[in-house]
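> Coordinates only, no sequence provided:
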């Protein structure tokens, strides 16, 4: 009986670790970063958990590594931490002393929500994103939900929006992985103020890799 119970608990743990669809144990994301004077990448990884306003949140630590051509120096820049949690197929992040909806994997065409920027940016603190369409994608034999975002209007110059690594205007967001551009919305009101670039790769402790 004890062996059976231990086996069930162990099996449940493995299923939970492999099936977790946001910030799985050991999750690490790598994003490109560069401009006319700098070349490198941004690393975001799950450091642990914490409780904010009664919600158990993922602690996501961010660092940028690269080479500065102006100073001829390799450097490491600490970009702080972000806090996220998932509920009912939606990912929320904590900014400006409140939780904002980051991703909604059940979203349908024309759905909209407000996303937050950083307090230190000269841009307004938030902006609205819009859903163009949604569907599914098979990665590593897993069927994952995906959402395609677009600016609210072609005549509207956004303050904060998701970026993308494809030539299409659509921003692709995939369950478990997040945005194929940068994980969080980036400022559009000022050039060369982005925190990160497009996604290079994702991996976690279960061995799941994209």
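Now that the structure is in, tell me what you want to look at. The shown structure was predicted, so the numbers you read here are calculated from the model rather than taken from an experiment. Numbering: from 1, shown residues only.
> Which residue ranges of this structure form strands?
28-35, 38-52, 55-68, 73-87, 90-95, 98-104, 112-116, 126-139, 142-150, 160-161, 171-174, 178-179, 186-187, 199-203 (DSSP state E).
> counting contacts, what elements does the second one pack onto?
Okay, so that is strand 38-52. Judged by 3 or more C-beta pairs under 8 Å, 6 or more residues apart in numbering; DSSP states H and E, the packing partners of strand 38-52 are strand 28-35, strand 55-68, strand 73-87. For every residue, glycine as well, the C-beta is placed using N, CA and C.
> can you give me the angle the last one makes with strand 55-68?
So that's strand 73-87. Between the axes of strand 73-87 and strand 55-68, defined by axes from the mean of the first three to the mean of the last three C-alpha atoms, to 10 degrees, the angle is 160 degrees.
> So which bits of strand 73-87 are buried?
Neighbour counts over strand 73-87 (16 or more other C-beta atoms under 10 Å) mark 82, 83, 84, 85, 86 as buried.
> Give me the contacts around it.
Residues outside strand 73-87 that contact it (C-beta atoms under 8 Å, 6 or more residues apart in numbering): 21-23, 42, 44, 47, 50, 52, 55-68, 91-95, 99, 102, 183-184, 195.
> now it, how far from the chain's geometric center?
Here strand 73-87 is found 11 Å from its chain centre; the criterion is C-alpha atoms, centre = their mean, to the nearest Å.
> for the chain, which spans come out with low pLDDT?
Residues of the chain meeting the criterion pLDDT under 70: 1-19, 120-121, 152-158, 165-168, 191-192.
> Tell me how far the residue nearest the centre of it lies from residue 67.
Geometric centre of the chain, nearest residue: residue 183, 2.7 Å, by C-alpha atoms, centre = their mean. Between residue 183 and residue 67 the computed distance is 23 Å (C-beta to C-beta, to the nearest Å).
> cool, residue 46 as well?
For residue 46, the distance to residue 67 - C-beta to C-beta - is 27 Å.
> for residue 119, same thing?
Per C-beta to C-beta, residue 119 is found 29 Å from residue 67.
> re earlier: Serialize the helices and strands packed on strand 38-52 to JSON lines and add fields for distance to residue 138.
Below are the helices and strands packed on strand 38-52 laid out as JSON lines (distance: least, C-beta to C-beta, whole Å):
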{"stretch": "strand 28-35", "distance to residue 138": "20"}
{"stretch": "strand 55-68", "distance to residue 138": "25"}
{"stretch": "strand 73-87", "distance to residue 138": "21"}
